[in-house]
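> This is the structure alone, sequence omitted:
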């Protein structure tokens, strides 16, 4: 269901904002993957892709920097945009509290440029949500509202194909001025086409940011947009207030999800045995049965685990599971790094479950984690028998 937010807002106290329209272009090494193609041939979308020298350098510099911080930005709410987005700073001025955000704005970018950037700049961090603000620079390059809306629709389609349940926040194009080659009539037409594009879509918020900022003539106000294009501190505060409800909703939903795959699906677990151990995994209804069939002289013989967990260093997590063992088998619940670099990453709990299900709940702080090597599992000792587990979850602890 499309959620339309009509905005009549008051401004309270907000954190300080880092406001820069552009960015000093450094001489730091850049990734050759992010050189803008010399021509539009074979590129998706329609309309302008900027190739000014300053833009080429900025495009390559920012995208190269983002490629180095993919681990840090996993699961973030991604803000995709141009200089208005870039100017908010790397953490969006701290406006959204504990919500994890990632700024993917590039000053001067167009809708077609953003379409090209989706794979590396957005999809690569498996975003929990995406905020879109785009189209104003296309107008300066004389693109028509229809061409701009065409690219916008392609971006929506790509986001939905990547994840049909991905929350998307669409911000209308902000007002500007005909003196900036951004007339009120053109902006209003783009926004009408955006509204039509998202009509009836699930998991989409449409934020009426044009009406929020426009003066009676449909242009930007000097007190919020000193250059009639980029917001100042007051403008960013107003935009942040408009976004606060959907950002809070997305962040809360993301943090409440389990990082583990369903307990009762064999394909989500891996079984590891010592040379003397023998065991198997079985599924019965909503439960997973971990069965030790043969033991020897080792301290453990059977281990079942899920791997590839993207844990964040210093983050606090809560693991919960229901366990029983009619055979009186003990269990070690452990989070660790995959071989060959074995070490614990913060969780190590011995459990002696009874013959009826009991819920166990533990909080731990992740430490010494490594990219995609983190795993959580159940280790079984020197006793034959079965342990049953269900409803196992791993969540960020609020």
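That came through, no problem. Everything numeric here is computed off the predicted structure, so don't read it as measured data.
> Give me the neighbour count for the residue lying closest to residue 98 once chain neighbours are set aside.
Closest residue in space to residue 98, ignoring its immediate chain neighbours: residue 251 at 7.2 Å, by Cβ to Cβ, 6 or more residues apart in numbering. C-beta here means a position set from N, CA and C on the backbone, and glycine is covered the same way. For residue 251, the count of nearby residues is 22 (other Cβ atoms under 10 Å).
> Check which helices and strands the helix or strand harbouring residue 251 is in contact with.
Assigned by DSSP states H and E, residue 251 belongs to helix 233-255. For helix 233-255, the elements it packs on are strand 2-5, strand 77-81, strand 129-132, strand 168-171, strand 204-207, helix 209-213, judged by 3 or more Cβ pairs under 8 Å, 6 or more residues apart in numbering; DSSP states H and E.
> what residue ranges in this structure score low on pLDDT?
1-29, 296-301, 339-340, 371-372, 381-382 (pLDDT under 70).
> Quick check: nearest residue in space to the residue nearest to the spatial centre of the chain, chain neighbours excluded?
Nearest residue to the geometric centre of the chain (Cα atoms, centre = their mean): residue 127, 2.0 Å. Leaving aside its chain neighbours, residue 127 sits nearest to residue 78 (4.4 Å; criterion: Cβ to Cβ, 6+ apart).
> check contacts around the closest residue to residue 215 other than its chain neighbours.
Of all residues not flanking residue 215 in the chain, residue 221 sits nearest, at 5.0 Å (Cβ to Cβ, 6+ apart). Applying Cβ atoms under 8 Å, 6 or more residues apart in numbering, we find residue 221 in contact with 213, 214, 215.
> So which of the residues you listed wins on neighbours?
Greatest neighbour count in the contacts of residue 221, by other Cβ under 10 Å, goes to residue 213: 22 neighbours.
> any idea how far residue 231 is from that residue?
Residue 213 is 8 Å from residue 231, where distance means Cβ to Cβ, to the nearest Å.
> intersection of neighbour lists for those two?
With Cβ under 8 Å, 6+ apart, residue 213 and residue 231 have common neighbours 174, 224, 225, 238.
> burial of residue 309, as a residue count?
19.
> Next up, phi/psi of it, please.
Main-chain dihedrals, residue 309, degrees, to the nearest 10: phi -80, psi 130.
> Is it correct that it is in contact with residue 394?
Yes. With contacts counted by Cβ atoms under 8 Å, residue 309 reaches residue 394, the gap being 7.3 Å.
> which residues are common contacts for those two?
Taking Cβ under 8 Å, 6+ apart as the criterion, residue 309 and residue 394 both touch 259, 260, 376.
> By neighbours, which of those residues wins?
In those, the most neighbours by other Cβ under 10 Å go to residue 376, 23 neighbours.
> And it, how close does it get to residue 93?
35 Å.
> now swap in residue 307 and tell me
Counting by Cβ to Cβ - residue 307 and residue 93 are separated by 37 Å.
> Next: residue 258.
For residue 258 relative to residue 93 (Cβ to Cβ), the value is 31 Å.
> Which one's more surrounded, those two?
residue 93 (22 against 15).
> Relative to residue 195, how far out is the more buried one?
Residue 93 is 28 Å from residue 195, by Cβ to Cβ.
> Same question for residue 148.
Distance from residue 148 to residue 195, by Cβ to Cβ: 13 Å.
> which residues in the stretch 151-300 of the chain form strands?
168-171, 204-207, 270-273, 278-284, 287-294 (DSSP state E, counting those that start in this stretch).
> how about the ones you listed, which one is nearest residue 365?
Closest of the strands of the stretch 151-300 of the chain to residue 365 is strand 270-273, at 24.9 Å (criterion: Cβ to Cβ).
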